[in-house]
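**Student:** Dropping a prediction and its sequence here:
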Amino acid sequence: MSVDRIAVLGAGSWGTTYAAVIADAGFPVTLWARRPEVAEEINTTHTNERYLGKRVLPELLVATDDDIAAVTDAEVIVLAVPAQTLRENLGRWKAHLSPEVRLVSLMKGIEVETGKRMSEVIAEVAEVDPAQIAVVSGPNLAREIADQQPTATVVAAESIETAELVAEISANSYFRPYTNTDVIGVEMGGAVKNVIALAVGIADGQKLGDNSKASIITRGLAETSRLAAAMGAEAHTLSGLAGLGDLVATCASPLSRNRTFGRHLGEGMSLEETIAHTSQTAEGVKSSPAVLALGRRYGVDLPITEAVCAVLAGKLRVDELSGLLLSRKRKHEGPPA
């Protein structure tokens with residue numbers, strides 16, 4: 001397969017790492033960095049120290065601070081900007097997109113003001129056929145992948161041809177993509193797990209044990225699955241890499257931004273102090289209210305999300321979180337008899 005122009009927009013930890021994944025698959029890639037000094041560092045020393053330390057980036061990866069040059073004539077554009085900035089950024093880039101471009105979302109969030117998934121925002125703003133859009137999700141902690149530790153992921157698209165194309169340009173010796181056509185399930189698994197990871201982080205910050213955290217993870221998966229199913233997702237997606245796999249990695253790893261953010265809250269930091277202390281986006285903080293709103297729209301009970309939203313809004317103390325989750329009415333766990 002010949003793909004000559006690939007651009008990754010966003011030089012944070014995951015954007016930079018995914019650009020390296022593409023380069024290690026043998027495809028030249030241009031990475032857009034908002035700050036000129038980051039682009040210069042990548043091109044001169046082949047590092048992005050702020051996000052990936054001393055890890056050396058591949059020769060096939062080049063950077064630019066000119067976003068319009070990066071997107072012009074690109075056949076594949078990978079979007080790795082913060083979810084809540086997507087609409088504004090894509091509006092700027094829209095006029096420069098090739099009509100046949102494939103747009104790939106690395107973002108795991110819900111747009112707060114509209115409740116739309118990232119692929120829905122892309123289709124609306126870029127005015128492209130949904131068949132041209134793919135989403136990448138799974139247990140993908142950027143620093144581990146940057147170290148070339150083996151991992152698997154899911155590439156989902158309404159068009160299997162689009163999914164296969166994106167999988168092809170990112171398949172290498174340490175990164176194995178699986179294709180899927182359940183875009184809703186893959187996106188919802190990626191978005192809601194961030195909220196659950198906040199809850200697990202809060203529990204960890206309070207020095208609660210593994211039983212407590214395992215309970216939150218397990219019930220969090222059930223919560224995620226209920227909402228995704230109500231929105232039209234397929235059940236098997238949430239038990240796979242983009243559901244269970246991503247949830248476990250995000251909730252268990254100290255590398256997880258959302259878990260780390262929650263841990264600081266659990267240790268007693270205020271929301272403002274935690275935001276100031278952490279330098280990277282914890283997507284679950286901004287997406288939590290949007291996820292809760294989706295639950296209400298679809299008539300799905302989301303007790304963990306509701307509790308996290310209450311903590312973030314200052315309506316619930318962190319030391320009340322675990323008690324609230326365990327005080328709900330008991331019920332049968334399995335399917336109705």
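**Tutor:** Cool, the structure landed. Since we're looking at a predicted model, the values are computed, not measured. Residues are numbered from 1 along each chain as shown.

**Student:** got a pLDDT number for residue 238?
**Tutor:** Per-residue pLDDT puts residue 238 at 96.

**Student:** For it, grab the count of nearby residues.
**Tutor:** 27 (other CB atoms under 10 Å). The way it works is simple: take the backbone N, C-alpha and C, and place the C-beta from them, glycine included.

**Student:** and the gap between it and residue 193?
**Tutor:** As judged by CB to CB, to the nearest Å, residue 238 and residue 193 stand 10 Å apart.

**Student:** shared neighbours of these two, anything?
**Tutor:** Counting by CB atoms under 8 Å, 6 or more residues apart in numbering, the shared contacts of residue 238 and residue 193 are residue 224.

**Student:** okay, the longest helix along the chain in PDB with CA atoms only?
**Tutor:** Among the segments of the chain that qualify as a helix by DSSP state H, the longest is helix 183-205. Presented in PDB, the C-alpha positions along helix 183-205 are these (Å, rounded to 0.1, in the frame of the first residue of the first chain):
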ATOM      1  CA  VAL A 183     -17.300   3.000  16.300                       C
ATOM      2  CA  ILE A 184     -19.800   3.800  19.100                       C
ATOM      3  CA  GLY A 185     -18.600   1.000  21.400                       C
ATOM      4  CA  VAL A 186     -14.900   1.800  20.900                       C
ATOM      5  CA  GLU A 187     -15.400   5.500  21.500                       C
ATOM      6  CA  MET A 188     -17.600   5.100  24.500                       C
ATOM      7  CA  GLY A 189     -15.200   2.600  26.100                       C
ATOM      8  CA  GLY A 190     -12.400   5.100  25.700                       C
ATOM      9  CA  ALA A 191     -14.400   8.000  27.000                       C
ATOM     10  CA  VAL A 192     -16.100   6.500  30.100                       C
ATOM     11  CA  LYS A 193     -13.000   4.600  31.300                       C
ATOM     12  CA  ASN A 194     -11.400   8.000  32.000                       C
ATOM     13  CA  VAL A 195     -14.200   8.800  34.500                       C
ATOM     14  CA  ILE A 196     -13.900   5.400  36.200                       C
ATOM     15  CA  ALA A 197     -10.100   5.900  36.400                       C
ATOM     16  CA  LEU A 198     -10.700   9.200  38.300                       C
ATOM     17  CA  ALA A 199     -12.800   7.200  40.800                       C
ATOM     18  CA  VAL A 200     -10.100   4.500  41.200                       C
ATOM     19  CA  GLY A 201      -7.500   7.200  41.600                       C
ATOM     20  CA  ILE A 202      -9.500   8.900  44.400                       C
ATOM     21  CA  ALA A 203      -9.800   5.500  46.100                       C
ATOM     22  CA  ASP A 204      -6.000   5.000  45.800                       C
ATOM     23  CA  GLY A 205      -5.300   8.400  47.200                       C
END
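
**Student:** now the spatially most central residue of the chain, what's its secondary structure?
**Tutor:** Nearest to the mean C-alpha position of the chain, by CA atoms, centre = their mean, lies residue 108 at 2.8 Å. For residue 108, the assignment made with DSSP: H, G, I helix; E, B strand; the rest coil gives coil.

**Student:** nearest spatial neighbour of it, skipping sequence neighbours?
**Tutor:** Among residues not flanking residue 108 along the chain, residue 190 sits closest, at 3.6 Å (CB to CB, 6 or more residues apart in numbering).

**Student:** What residues sit buried inside the longest helix of the chain?
**Tutor:** By 16 or more other CB atoms under 10 Å, the buried positions in helix 183-205 come out as 183-205.

**Student:** Check what contacts the very next helix or strand once past that helix and list those residues.
**Tutor:** Next helix or strand after helix 183-205 toward the C-terminus (DSSP states H and E): helix 210-230. The contact list for helix 210-230, computed with CB under 8 Å, 6+ apart, reads 184-185, 188-189, 192-193, 195-196, 199-200, 203-204, 235, 237-239, 243-244, 247-248, 251-252, 291, 294-295, 298-305, 322, 325-326.

**Student:** From residue 141, how far out is residue 174?
**Tutor:** Applying CB to CB to residue 174 and residue 141 gives a distance of 13 Å.

**Student:** Any stretches of the chain with poor pLDDT?
**Tutor:** For the chain, applying pLDDT under 70 flags the ranges 1, 279-281, 324-337.

**Student:** And the strands in it?
**Tutor:** Assigned by DSSP state E, the chain shows strands spanning 6-9, 29-32, 61-64, 76-79, 102-105, 133-137, 151-157, 175-180.

**Student:** okay, those strands in a markdown table with mean neighbour count and distance to residue 166 next?
**Tutor:** Below are the strands of the chain laid out as a markdown table (neighbours: other CB atoms under 10 Å; distance: least, CB to CB, whole Å):
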| stretch | mean neighbour count | distance to residue 166 |
| --- | --- | --- |
| strand 6-9 | 26 | 10 |
| strand 29-32 | 26 | 13 |
| strand 61-64 | 21 | 17 |
| strand 76-79 | 26 | 7 |
| strand 102-105 | 27 | 6 |
| strand 133-137 | 28 | 5 |
| strand 151-157 | 24 | 5 |
| strand 175-180 | 20 | 7 |
